[in-house]
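Engineer: the following block contains a protein sequence and its predicted model.
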Amino acid sequence: MKHLLPIAITCAACAISTTASAQGPMFGVKGGLNYSTLAVDEADEERSRLGYHIGLFARSAPSEQLGLQVELLYSTKGSSTTYNALFGLIEQEIDFRLNYVELPIMASLRVAEIVDFQLGAYAAYLLSARGSSSGDLGSGSDELDRDNFKSMDFGLGGGVAFNVGPSAQFGIRYMHGLTRVADSEVANLFLRDATNRCVQLYVAVGVGQ
């Protein structure tokens with residue numbers, strides 16, 4: 001997470017240097033990187049998964065200070081977890097890759113036509129799940145049964161976006177899942193109360209007013 005701070009500062013500096021005529025796009029396409037984890041407390045070690053999201057967005061009243069931004073995204077999430085057993089004699093790494101269709105709805109407060117502060121919620125539907133493992137118990141990769149995971153995911157989100165002219169926007173957002181990912185005894189054995197956590201860096205391109 002600490003590596004994202006210099007990126008955010010750079011983005012802010014670039015946005016401030018744009019002209020005051022920047023209005024921001026009203027609708028279009030957006031995409032970017034996901035930096036996600038499952039917040040697995042039971043894992044001995046957990047590393048974030050680098051994924052992506054891509055889709056469509058629309059913002060009401062782009063010339064007004066307060067608007068509503070709705071998005072429809074394909075989003076890849078998950079994490080890499082390491083488990084130790086028998087006092088550290090056995091170590092196994094398991095990667096979880098979960099792919100969702102995501103619907104974020106954000107209230108958007110526009111400041112000086114350049115900066116949008118966004119806060120809202122999201123709902124997501126699990127399309128597929130895949131897992132791989134490596135370590136002392138062997139290695140392998142396979143499609144996982146979706147029945148092991150919750151079909152729906154809900155959470156909160158917030159971030160800041162910077163408008164560049166009438167048709168481009170870039171920003172950073174944090175998405176905090178409130179729904180347990182596991183939905184079976186097998187998944188619960190590894191994930192317990194794990195939920196999706198995700199930082200997104202994105203670029204949006206569309207049509208202005």
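Structural biologist: Cool, the structure landed.

Engineer: most centrally placed residue in the protein?
Structural biologist: Compute the mean C-alpha point of the chain, and by C-alpha atoms, centre = their mean the closest residue is residue 198, 3.9 Å away.

Engineer: contacts only, for that one.
Structural biologist: 34-37, 75, 77, 174-175, 177 (C-beta atoms under 8 Å, 6 or more residues apart in numbering). The C-beta positions use only the backbone N, C-alpha and C, and glycine is treated the same way.

Engineer: can you pick the most crowded of those?
Structural biologist: residue 77 (28 neighbours; other C-beta atoms under 10 Å).

Engineer: following element in sequence after the helix or strand it falls within, please.
Structural biologist: Using DSSP states H and E, residue 77 falls within strand 66-85. Reading on from strand 66-85 to the C-terminus, the next helix or strand found by DSSP H and E is strand 90-111.

Engineer: pLDDT score for residue 146?
Structural biologist: Per-residue pLDDT puts residue 146 at 85.

Engineer: count of neighbours near the residue lying closest to residue 168 once chain neighbours are set aside?
Structural biologist: Among residues not flanking residue 168 along the chain, residue 205 sits closest, at 5.5 Å (C-beta to C-beta, 6 or more residues apart in numbering). Neighbour count of residue 205, defined by other C-beta under 10 Å: 14.

Engineer: show me the contacts for residue 196.
Structural biologist: 36, 38, 77, 98, 124, 153, 155, 175, 177, 179, 181.

Engineer: before we move on, back to that, any idea which helix or strand carries the residue nearest to the centre of the chain?
Structural biologist: Going by DSSP H and E, residue 198 is in strand 197-207.
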